[in-house]
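Peer 1: sequence and predicted structure below; questions after.
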Amino acid sequence: MMDAGRSHWAIGFSRMRRNRGAAAGAIIVLLFIAASALAPWLTDDDPIQVQFDQRFAPPSVRHPLGTDSFGRDLFSRVLYGGRLSLSVGLIAIVISDAIGIPLGLISGYRGGRFDDVMMRLVDLWLAFPGLLVAIAIVAVLGPGLQNVMIAIGIGGIPGLVRLVRGNVLSVREQEFVDAARATGGGDAHIVRAHIFPNVLAPIVVLTTLRLAGAILSGVGLSFLGLGAQPPSPEWGAIVAEGRAYLREAWWVSTLPGVAIFMTVIGFNLLGDGLRDAFDPRLR
């Protein structure tokens, strides 16, 4: 009874505020975003400045996360690297959403031959592991952060198409869609004004969960040498540079790895909270 007259979004956000996991995830994500955005004000060290006299300095007041094999301050590299890793995830998601959402809407709404062909292509695409597809695309385009963003974005399209299509198939049979057709509404108007707003919630939830996967994929590709190139302070590249020194300088790889772990956990907790809040089947 308390939910009578309240919108789907209002109910969802009300449920989310009571979810401790979602709150913890939101705090973690906001902290990392703020730290990356405020990097120039949080540290005076240049993330790519070489200081050989400071090589492998352990964590201290001067260098909170220590230094690497070139004497570069790891705290500044992790802060500035957060900008790169978060940007990779965000731009990759934007690329996949810009292509996957329209295809899913059209496929689900129109049906017919277009839907059949689209689903067979999606099935074929999903038969290959996403990371393997991204590696193949980067191998064709060449290493670099921009190509990694494109590769991860393209790799995320088929799953998004399937999700959007499935939700559209459910919504298009509702009475308000029939009423819109009866009043002379065109297909474009119906999709824009009636279908899309009603499938937006699951898209937002999936986008949050996919951000964690996109960040992790970007880090993994950089770790393999296909993404950010030295001396770029990207998290995966930092971990890769420090793996040869785990015995003598464990902090070089471990502490940036903790940053990766916490960021991914934050997005996963936030995504799970959004799913619990906005999925009507869980109410």
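Peer 2: Right, received. Where do you want to start?
Peer 1: does Ser217 touch Val133 like I think?
Peer 2: No - counting by Cβ atoms under 8 Å, Ser217 does not reach Val133; the two are 10.2 Å apart. In short, each C-beta sits where N, CA and C put it, glycine included.
Peer 1: quick check: which ranges of the stretch 51-200 of the chain have low pLDDT?
Peer 2: Scanning the stretch 51-200 of the chain for pLDDT under 70 picks out no residues.
Peer 1: 90 instead, please
Peer 2: 110-113, 125-135, 139, 167, 169-200 (pLDDT under 90).
Peer 1: who touches both of Ser217 and Val133?
Peer 2: Common contact partners of Ser217 and Val133 (Cβ atoms under 8 Å, 6 or more residues apart in numbering): Gly155.
Peer 1: hang on, isn't His63 packed against Ser76?
Peer 2: No - contact criterion Cβ under 8 Å: His63 and Ser76 do not qualify, at 9.1 Å.
Peer 1: still on that earlier bit, neighbour-wise, which of Ser217 and Val133 wins?
Peer 2: Ser217 (25 against 18; other Cβ atoms under 10 Å).
Peer 1: SS state for Leu270?
Peer 2: helix (DSSP: H, G, I helix; E, B strand; the rest coil).
Peer 1: that one touches Thr208, doesn't it?
Peer 2: Yes - contact criterion Cβ under 8 Å: Leu270 and Thr208 qualify, at 5.5 Å.
Peer 1: name the nearest residue to Gln229, ignoring sequence neighbours.
Peer 2: Pro143 (6.5 Å; Cβ to Cβ, 6 or more residues apart in numbering).
Peer 1: residue contacts, the one you found?
Peer 2: Pro143 neighbours (Cβ under 8 Å, 6+ apart): Gly225, Leu226, Gly227, Gln229.
Peer 1: ranking those residues by neighbours, who comes first?
Peer 2: Gly227 (32 neighbours).
Peer 1: how far off centre is the longest helix seen in the chain?
Peer 2: Secondary structure of the chain per DSSP state H: the longest helix is helix 74-110. Remark: helix 74-110 is offset 6 Å from the chain centroid, using Cα atoms, centre = their mean, to the nearest Å.
Peer 1: show me which residues of it are buried.
Peer 2: 74-93, 95-97, 99-101, 103-109 (16 or more other Cβ atoms under 10 Å).
Peer 1: one more: stretch 216-232?
Peer 2: Leu216, Ser217, Gly218, Val219, Gly220, Leu221, Ser222, Phe223, Leu226, Gly227, Ala228, Ser232.
Peer 1: and it, average pLDDT?
Peer 2: The pLDDT scores in stretch 216-232 average 91.
Peer 1: please shift the residue numbers so they start at 206 in all later answers.
Peer 2: In the new numbering, first residue 206, that becomes stretch 421-437.
Peer 1: ok, and what's touching that stretch?
Peer 2: Taking Cβ under 8 Å, 6+ apart as the rule, stretch 421-437 contacts 253, 275, 277, 289-290, 293-294, 297, 335-336, 339-340, 343-344, 348-350, 353-354, 356-357, 360, 439-442, 444-446, 465, 469.
Peer 1: now with 7 Å?
Peer 2: With Cβ atoms under 7 Å, 6 or more residues apart in numbering as the test, stretch 421-437 has contacts from 253, 289-290, 293-294, 297, 336, 339-340, 343, 348-350, 353, 357, 439-442, 444-445, 465, 469.
Peer 1: now do the same end-to-end measure for that stretch.
Peer 2: 17 Å (Cα to Cα, to the nearest Å).
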